[in-house]
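[1] just need the structure, nothing else, for what follows:
(one chain, ligands or ions: 1)
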Amino acid sequence: MLMTKERRPAIRTLRGWAISALQEAGAIRECEEHGWMQDRADPQARERAFDVARRDPPPGVSPEDAAAEIEDVLGSIGDACPECPQER
Ligand SMILES: [Zn+2]
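    Presented below is the predicted three-dimensional model:
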C-alpha cells in the first residue's frame, strides 16, 4: 500500500486539540448533519478557549503555540455549515 500523504501527527494532534478545546468552550459547534464546524461568534466562549490554551496547553506545546492554534482554527471556520440550506 502506497502512502502518498505526508504524516504530521504532532500538528494533527494540536489541531485536533484546538478544535476540541473550542468545542468544550462552546466557541464552535459541529453541524449534526454534515459534520462541518461552525463558528458561534461568542466572544466569551472564545476567551474561555484561549484561557484553556494558556493555562493547560497540550503536552509538549507552549501556551503561545496552543493559543496561536486556537486563533488559526477560528480563522479557518465559517459561521455557517456550507451544506445546510441557508434561509435569508
Ligand atoms: Zn450542515
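[2] ok now the helix or strand hosting Q44, how far from the chain's centre?
    Assigned by DSSP states H and E, Q44 belongs to helix 43-55. When distances are taken as Cα atoms, centre = their mean, to the nearest Å, helix 43-55 is centred 12 Å away from the chain's centroid.
[3] pull the residues that contact it.
    18, 21-22, 24-27, 63, 66-67, 69-70, 74 (Cβ atoms under 8 Å, 6 or more residues apart in numbering). Quick note: C-beta positions are derived from backbone N, CA and C, even for glycine.
[4] let's see 7 Å
    Helix 43-55 has contacts (Cβ atoms under 7 Å, 6 or more residues apart in numbering) with 21-22, 25-27, 63, 66-67, 70, 74.
[5] how about these, which pair is most distant?
    G26 and P63 (20.8 Å; Cβ to Cβ).
[6] report the next helix or strand after the helix holding Q44 in sequence order.
    helix 63-76.
[7] what's the longest helix along the chain packed up against?
    When the chain is parsed with DSSP state H, its longest helix is helix 9-25. For helix 9-25, the packing partners by 3 or more Cβ pairs under 7 Å, 6 or more residues apart in numbering; DSSP states H and E come out as helix 43-55, helix 63-76.
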